[in-house]
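**Q** This is a predicted model, with the sequence first.
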Amino acid sequence: MENDISGFHAHVYYQDDETREIATQIRTHAEANFDVVMGRWRDQPVGPHPRPMFQIAFQPEVFQQIVPWLMLNHQGLSVLIHPETGDHVPDHRDFPLWLGEKLDLDISFLEAGNTSA
């Protein structure tokens, strides 16, 4: 079985003012040093995501640069990295990589056909 990966999303989660500041540092560095598209800050849980977060979108050719950097620099924050195959449920449920604590996503949100998160 082969799935085509058109891109990736990294979701950087935070919980409070202190961890939001760490997330800001990660965001600032990633945006300045990698070919990425930043999503907006989500200061409340949204969609399947159980904590506040922001998203970093990137193409497959950027994976080998940004993911090792995130591995070494996530500073204790949880980071979900998932492919974009066009099927949001397995992208989030079956294919993710986690850095830091693995969080429980609300996959039922995606199973209901919601894709705006």
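**A** Cool, the structure landed. Residues are numbered from 1 along each chain as shown.
**Q** Now the host helix or strand of residue 30: buried residues?
**A** Counting by DSSP states H and E, the element that carries residue 30 is helix 17-33. Going by neighbour count (16 or more other C-beta atoms under 10 Å), the buried part of helix 17-33 is 19-20, 22-23, 26-27, 30. Placement of C-beta: from N, CA and C, glycine included.
**Q** Stretch 43-63 now?
**A** Neighbour count says stretch 43-63 has 47-49, 51-56, 58, 62-63 buried, by 16+ other C-beta under 10 Å.
**Q** ok, now stretch 101-113?
**A** So, applying 16+ other C-beta under 10 Å, buried residues of stretch 101-113: 103, 105-106, 109-110.
**Q** now do stretch 72-90
**A** Of the residues in stretch 72-90, 74, 77-84, 88-89 count as buried by neighbour count, 16+ other C-beta under 10 Å.
**Q** Okay, now it: how far is its last residue from its first?
**A** 26 Å (C-alpha to C-alpha, to the nearest Å).
**Q** Then stretch 70-86?
**A** Criterion C-alpha to C-alpha; first-to-last residue distance in stretch 70-86 is 24 Å.
**Q** Report the contact partners of residue 68.
**A** Neighbouring residues of residue 68 by C-beta atoms under 8 Å, 6 or more residues apart in numbering: there are none.
**Q** which SS class is it?
**A** Three-state assignment for residue 68 (DSSP: H, G, I helix; E, B strand; the rest coil): helix.
**Q** isn't there a strand covering residue 65?
**A** No - counting by three-state DSSP, residue 65 is not found in a strand; it is helix.
**Q** Give me the neighbour count for it.
**A** Residue 65 has 14 neighbours, counted by other C-beta atoms under 10 Å.
**Q** quick one: contacts for it?
**A** Residues near residue 65 by C-beta under 8 Å, 6+ apart: residue 34.
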